[in-house]
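J.: need a 3D model of the following:
(2 chains)
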Number of protein chains: 2
Amino acid sequence: MSKKTKEKVAETAVHLFYLKGFHGTSVRDIASSANVNVSMISYYFQNKQGLLEFLIVNYFESYLQKLEKIQKSSSTKSPVEQMEELIDAIIHYKQENHQFTSFIQRELSKDNILVRELLVTYLAKEKYLFEDAFYQIVPSTQYSTVEKEILLFQLKGLLQIPFTMPYEWKSMVGVNRSDDVYLTKYVKSIKKWVRTLMASGEEVQ
Amino acid sequence: MSKKTKEKVAETAVHLFYLKGFHGTSVRDIASSANVNVSMISYYFQNKQGLLEFLIVNYFESYLQKLEKIQKSSSTKSPVEQMEELIDAIIHYKQENHQFTSFIQRELSKDNILVRELLVTYLAKEKYLFEDAFYQIVPSTQYSTVEKEILLFQLKGLLQIPFTMPYEWKSMVGVNRSDDVYLTKYVKSIKKWVRTLMASGEEVQ
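T.: The predicted structure is shown next:
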């Protein structure tokens, strides 16, 4: 299998997993859509699980590399600049890989045990990097621990919803707007929310 | 089929659709889990699609009734009080039916055409009721149309993420906290966000 064919199989698998879920897609479906022989897939990826593992490693290694690079640049940046860089990097990475992003979230929400086990180390690393940056910008004096946890969950949610709520996203994006322009405005709105958090922790009655 | 048995079939179907998706669940699975005969399901619901339709009608009729009731009480309440009541009603309804809520969102994100077609009228009604209330509280002078659309999308997302991100939600909720206490704090945080929106529309650089 040439590198090009391997990539084609991987891309086809992402697309089918996205459309029909992991359990709803067979190796035969993937082979047929990618126009390759089933035995070729077996030889290179062993089985469907091996293919999924390959896709997950590909996605998360490069994703976490981006986050780590931003974390390592912390000496030259303020915590809020670092957080904003993370937000940009995360949302653009998710957008570039929106089908796989949506698939992963869906399988996690179904509590697909295989997916969860393959992800556990990556999710722990992501949690560590992101939460570390988040807690540096949210003032401890103004929010309780529970409030901070909720705000963190909300921020994670805001970074995820363009890919879990495509129906609402699509209905929002008019015909004349390109996705990229809209995404930029969306990211700006999240950054504004983050700055509001930092500025005002006082309780609203 | 007694009313009790019919309910049992409906509940079993919700649970299996939630776990395995609509296409991943067969009428035979449902019959076997609910311990009833396949022909009984066929007689009452015709087929899997009929069962799904029954569940969707049940879910949305009662959901929209709650939203409409709040909308009709608008003469005695300020727009922000009405919005807060909507937020309470929506999140508690979703929580009470969290498996079906999560299932519906997942099928929409897969663009399941059958589900989308069954939902189209309900989603339009929900959109009308919710957006009407939302635009009454967000000051036109302080936000552009696009900004308001993005904020609306974010609010919809915040009402949805406890059910699309159960993994992160669970990891946030410690052992000693009950879901209800946490949900109350979560709702409070959303209301705070809404009040912040209303108070300050000025641009953050």
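J.: all helices of chain A, in order?
T.: With DSSP state H applied, chain A shows helices at A:3-20, A:27-34, A:38-45, A:48-72, A:79-96, A:98-109, A:113-137, A:145-164, A:166-172, A:179-199, listed in chain order.
J.: to chain B, which of those lies closest?
T.: Closest to chain B of these, according to Cβ to the nearest Cβ: helix A:145-164, at 3.5 Å. (Each C-beta comes from the backbone N, C-alpha and C, glycine too.)
J.: quick one: least confident helix or strand in chain A?
T.: Every helix and strand in chain A was compared by mean pLDDT, DSSP states H and E; the lowest is helix A:166-172, with a mean of 78.
J.: got the CA positions of it in PDB?
T.: Below are the C-alpha coordinates for helix A:166-172, written out as PDB (Å, rounded to 0.1, in the frame of the first residue of the first chain):
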ATOM      1  CA  PRO A 166     -23.600  21.700  13.300                       C
ATOM      2  CA  TYR A 167     -27.300  22.000  12.700                       C
ATOM      3  CA  GLU A 168     -27.600  25.200  14.800                       C
ATOM      4  CA  TRP A 169     -24.200  26.400  13.500                       C
ATOM      5  CA  LYS A 170     -25.300  26.000   9.900                       C
ATOM      6  CA  SER A 171     -28.700  27.700  10.400                       C
ATOM      7  CA  MET A 172     -26.700  30.600  11.900                       C
END
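J.: for it, buried residues please.
T.: A:166-169, A:172 (16 or more other Cβ atoms under 10 Å in any protein chain shown).
J.: please apply the same query to stretch A:58-77.
T.: Buried-residue list, stretch A:58-77, by 16+ other Cβ under 10 Å: A:59-60, A:63-64, A:66-67, A:70-71.
J.: near chain B, list only the ones from the residues you listed.
T.: Near chain B, taking Cβ under 8 Å from any Cβ of the partner chain as the test, no member of the buried residues of stretch A:58-77 is found.
J.: any low-confidence regions in chain A?
T.: A:1, A:173-179, A:200-205 (pLDDT under 70).
J.: 80 instead, please
T.: Scanning chain A for pLDDT under 80 picks out A:1-3, A:74-75, A:111, A:139, A:170-181, A:199-205.
J.: how does chain A divide into domains?
T.: Recorded structural domains for chain A (assignment: automatic domain parsing) are A:1-46, A:53-199.
J.: make a markdown table out of those and add distance to B:Gln82.
T.: Formatted as a markdown table, the domains of chain A follow (distance: least, Cβ to Cβ, whole Å):
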| stretch | distance to B:Gln82 |
| --- | --- |
| domain A:1-46 | 38 |
| domain A:53-199 | 21 |
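J.: A:Ala31: how many residues sit nearby?
T.: For A:Ala31, the number of neighbouring residues by other Cβ atoms under 10 Å in any protein chain shown comes to 18.
J.: just checking, it touches A:Tyr44?
T.: No - using Cβ atoms under 8 Å, A:Ala31 is not in contact with A:Tyr44, being 11.5 Å away.
J.: common neighbours of those two, please.
T.: Overlap of the contact sets of A:Ala31 and A:Tyr44 (by Cβ atoms under 8 Å, 6 or more residues apart in numbering or on different chains) consists of A:Val9.
J.: quick check: A:Thr5 touching A:Val36?
T.: Yes - contact criterion Cβ under 8 Å: A:Thr5 and A:Val36 qualify, at 6.2 Å.
J.: neighbour count for the two, which is higher?
T.: Between A:Thr5 and A:Val36, A:Val36 has the larger neighbour count (other Cβ under 10 Å), namely 18 against 14.
J.: could you report the separation of the more buried one from A:Thr12?
T.: 9 Å (Cβ to Cβ, to the nearest Å).
J.: now do A:Phe163
T.: Distance of A:Phe163 to A:Thr12, given as Cβ to Cβ: 20 Å.
J.: show me what contacts the closest residue to A:Leu155 other than its chain neighbours?
T.: Nearest-residue entry for A:Leu155: A:Phe134, 6.7 Å, with adjacent residues in sequence omitted and distances by Cβ to Cβ, 6 or more residues apart in numbering or on different chains. Neighbouring residues of A:Phe134 by Cβ under 8 Å, 6+ apart: A:83, A:152, A:155.
J.: what about the residue nearest to A:Ile70 when sequence neighbours are not counted, neighbour count?
T.: In space, not counting the residues next to it along the chain, A:Ile70 is nearest to A:Glu85; the distance is 4.9 Å by Cβ to Cβ, 6+ apart. A:Glu85: 19 surrounding residues under other Cβ under 10 Å.
J.: tell me who's in contact with A:Glu85.
T.: A:70, A:73, A:77.
J.: could I get the contacting residues of the residue lying closest to A:Thr25 once chain neighbours are set aside?
T.: Ranked by Cβ to Cβ, 6+ apart and with sequence neighbours excluded, the top spatial neighbour of A:Thr25 is A:Leu16, at 4.5 Å. Counting by Cβ under 8 Å, 6+ apart, A:Leu16 touches A:25, A:29-30, A:33.
J.: in a markdown table: these, plus distance to A:Lys94 and neighbour count.
T.: Shown next, in a markdown table, are those (distance: Cβ to Cβ, whole Å; neighbours: other Cβ atoms under 10 Å in any protein chain shown):
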| residue | distance to A:Lys94 | neighbour count |
| --- | --- | --- |
| A:Thr25 | 21 | 21 |
| A:Asp29 | 25 | 16 |
| A:Ile30 | 23 | 23 |
| A:Ser33 | 24 | 16 |
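J.: any idea how far A:Lys66 is from the residue nearest to A:Leu155?
T.: With distances taken as Cβ to Cβ, A:Phe134 is found 17 Å from A:Lys66.
J.: thank you, goodbye.
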